[in-house]
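> predicted model and sequence follow; I will ask about them next.
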Amino acid sequence: PTSGNLWLIFSVIIPLLSLNCHPLTPNIVKMKLAIVAALVSSAAAFAPNAQPAAQTALSAESDRRAFLGAAAAFGAAAIPAAANAVVDYENIAYLGGSGVVDLNNANVRAYIRMPGMYPSAAGKIVSHGPYKTVSEVYNIPGLTAAEKDVIKKYESRFTTKEPAPEYAIDRINNGLYR
């Protein structure tokens, strides 16, 4: 160690290790060791190395090339690969953009266009499921007779598609507020 490192050890680290606390507290000991390791590693980073050899134009060029090569490799590694996301969901029209609503994937607000459905019957539909058939909607627990009548009124406008995880999270609350 150089004289600068010895000064660091004796002036900062030794008093740190002799703080007045219970000597057998494991968390304090771990914390002190972590601080010592951080201080020693930061001191070692600034410690002078062996004297560099005289630099020639040729060695400067090779150092520059090595640096640029390493930077390019790091940059290429930092760019993530393209995700395989579903860009075009084939059943997007059934999420509320057409006259037919998918019971398994549509948001609760898709039922606003059907008077009497929103919010009570629509909330119960999106809270339960998934449904294999449209007729399974009538088995929702707590469904009133009036809600069943409204669902029966619009039954021809319902369909059941395979539940898509991309849309399941937003079925009850999609973050749109009035």
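The structure has been received and is ready for your questions.

> Tyr154 against Met117, yeah?
Yes: Tyr154 lies in contact with Met117 (Cβ atoms under 8 Å); the separation is 6.6 Å. Every residue, glycine included, has its C-beta placed from N, CA and C.

> who has more neighbours out of the two?
Neighbour tally, Tyr154 and Met117, criterion other Cβ atoms under 10 Å: the higher count belongs to Met117, 22 against 17.

> how close does the more buried one sit to Met31?
59 Å (Cβ to Cβ, to the nearest Å).

> so which residues of the chain form strands?
Secondary structure of the chain (DSSP state E): strands at 101-102, 158-159.

> most packed of those?
The highest mean neighbour count among these, using mean count of other Cβ atoms under 10 Å, belongs to strand 101-102: a mean of 24.

> ok, that one: who's next to it in the sheet?
When pairing is defined by DSSP bridges, strand 101-102 lines up against strand 158-159 (parallel).

> and Lys124, how many neighbours?
Neighbours of Lys124 under the rule other Cβ under 10 Å: 19.

> straight-line length of stretch 138-149, end to end?
10 Å (Cα to Cα, to the nearest Å).

> could you give the mean pLDDT of that stretch?
Taken as a whole, stretch 138-149 carries a mean pLDDT of 95.

> pull out the buried residues from that stretch.
140, 143, 147 (16 or more other Cβ atoms under 10 Å).

> tell me which of those residues is nearest to Arg109?
Set against Arg109, the nearest of those by Cβ to Cβ is Glu147 (17.5 Å).

> hmm, that closest one is touching Lys124, no?
Yes: between Glu147 and Lys124 a contact is recorded at 7.0 Å, counting by Cβ under 8 Å.

> sketch out the low-pLDDT regions of the protein for me.
Applying pLDDT under 70 to the chain picks out residues 1-26, 29, 40-62, 64, 71-87, 174-178.

> helices of that one, residue ranges please.
Taking DSSP state H, the helices of the chain run over residues 3-8, 14-17, 26-46, 57-78, 120-127, 145-153, 165-168.

> cool, thanks, signing off.
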